[in-house]
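Enquirer: following is a predicted model, sequence given first.
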Amino acid sequence: MSDALNDVKSLIPPSTHPDGVTRRDFIQTAVGVGFAAAVLPVSAQTIHTPSDGLLTETVTLTINGTAVPMYRAQPLDGKNLPVVLVISEIFGVHEHIADVARRFAQLGYMALAPELFIRQGNPSAHPVMADLMTHIIRKTPDVEVMNDLDHVVKWAGQNGGDLNRLGLNGFCWGGRITWLYAAHNPQVKVGVAWYGRLEGELSPMNPTHPIQMASTLKTPVLGLYAGQDTGISLEAIECMQQALSQGTSGSEFVIYPNSSHAFHADYRPSYQADDAKDAWLRCINWLKQHGV
C-alpha cells in the first residue's frame, strides 16, 4: 500500500470508462449497480474504476432482524487490511459510491459501503429530490445509523479488516454522519467529511449535529468543503472551526472557494475535476498521516 500512496498518479481516479456513459446510464436496481433516479442523466465525465485485482461483492448483514446490504471492495486475498467505511450521500449506495469504494480498494483498503436507508426504502428509486428527502432521509434516525455502522465495524474485524486502522469517508449526508460517527465510536482513528451539514434544527431523528459535539471530538476529521455551497455557509464552517478549536481532535478544514456542493460527484454537473482530484489526494494523505 505504501508504494501506491507514494505514487501520486495512483491516487487520482482513473479516467472515464471507454464505453462512455450510455451503457451505464440506468437506474440502480441493486447495491452499487446503476445510478439513482434523482441524478439521471449522469454526466459524460463519469469515472469508472475497474475491479481488476479486487474482490467486489454485496454482503448482507442481519442487524436487529433487518437484512442490511453492503458493498465490499478490497484487494483479492487481502488480510489484515486497513478499513474505510464509505458513507453515501442521500442517494444510497449507487454506482458512484461503489466506484469510490473501488478507488480505495485499489490503494489497498477494505472499503465497506452499507445501505443505511434500507428500513425506509430504496433512495435510488425516488426521481424527485423533495420526495426522497421526505420519505427516506428525514425518516432515518441517527441512532439507527450509528448502530448499523457499529455492526459494519464488527463485521470488518471478523472478516480480514484491521480495526486498529479504521477510517471514515462520507459525502454530503454521509459527511455529516462521518463527524457524528467519529465522535460515537472511539475505534475510529480518522475521518474525512466531504461537504457534510454542520448545524441545523434538532429533532428526535437528529438530536445532535456536528457543531454540538465539536469541542469534545477526539478523532481527527478532515472537512472538505465548498465556498459556493448554498446549503452550507462559510459562517457555519467558521463556527465549526471555532468549536473544534476548543477541543483536541486536530481536525482541519480545506475550503475550495470556487466550487459548489458535491464538487467530487463526477456523475453530476456540480463536479469540479481539479478540486475533486486535489481533495482526493488530501483525503488519502490524511488517512495515511493518521495511521490508516
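Expert: Cool, got the structure.
Enquirer: can you give me the helices in the protein?
Expert: Secondary structure of the chain by DSSP state H: the helices cover 2-6, 8-11, 95-106, 129-135, 142-158, 173-184, 210-213, 234-244, 273-289.
Enquirer: make CSV out of those helices and add mean neighbour count.
Expert: (Glycine included, C-beta is placed from N, CA and C.) Shown next, in CSV, are the helices of the chain (neighbours: other Cβ atoms under 10 Å):
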stretch, mean neighbour count
helix 2-6, 11
helix 8-11, 12
helix 95-106, 25
helix 129-135, 14
helix 142-158, 17
helix 173-184, 25
helix 210-213, 19
helix 234-244, 17
helix 273-289, 18
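Enquirer: distance to residue 85 and mean pLDDT for those helices - can I get that in TSV?
Expert: Shown next, in TSV, are these (distance: least, Cβ to Cβ, whole Å; pLDDT from 0 to 100):
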stretch	distance to residue 85	mean pLDDT
helix 2-6	19	35
helix 8-11	19	34
helix 95-106	10	97
helix 129-135	22	91
helix 142-158	6	98
helix 173-184	8	98
helix 210-213	17	96
helix 234-244	21	97
helix 273-289	12	98
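Enquirer: want to throw these into TSV with distance to residue 55?
Expert: Below are these laid out as TSV (distance: least, Cβ to Cβ, whole Å):
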stretch	distance to residue 55
helix 2-6	17
helix 8-11	19
helix 95-106	8
helix 129-135	31
helix 142-158	14
helix 173-184	23
helix 210-213	33
helix 234-244	37
helix 273-289	20
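Enquirer: and these: which comes nearest residue 31?
Expert: helix 95-106 (7.6 Å; Cβ to Cβ).
Enquirer: what does that closest one contact?
Expert: For helix 95-106, contacts defined as Cβ atoms under 8 Å, 6 or more residues apart in numbering pick out 4, 10, 13, 24, 28, 31-35, 46-51, 53-54, 56, 71-75, 84, 86, 88-89, 91, 111-113, 169, 171, 265-267, 280.
Enquirer: just the buried residues out of those, in PyMOL syntax.
Expert: A single PyMOL command selects the buried members of the contacts of helix 95-106 (16 or more other Cβ atoms under 10 Å):
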select buried, resi 13+24+28+31+32+33+34+35+46+47+48+49+54+56+71+72+73+74+75+84+86+88+89+91+111+112+113+169+171+265+266+267+280
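Enquirer: returning to what we had before: quick one: closest of the helices of the chain to residue 65.
Expert: helix 142-158 (12.1 Å).
Enquirer: list the residues that contact the residue nearest to residue 264 when sequence neighbours are not counted.
Expert: By the measure of Cβ to Cβ, 6 or more residues apart in numbering, the closest residue to residue 264 outside its immediate chain neighbours is residue 276, 4.5 Å from it. The neighbours of residue 276, taking Cβ under 8 Å, 6+ apart as the test, are 263, 264, 266.
Enquirer: reformat those as JSON lines; add pLDDT and distance to residue 229.
Expert: As requested, the contacts of residue 276 are exported to JSON lines (pLDDT from 0 to 100; distance: Cβ to Cβ, whole Å):
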{"residue": "263", "pLDDT": "98", "distance to residue 229": "9"}
{"residue": "264", "pLDDT": "97", "distance to residue 229": "12"}
{"residue": "266", "pLDDT": "95", "distance to residue 229": "17"}
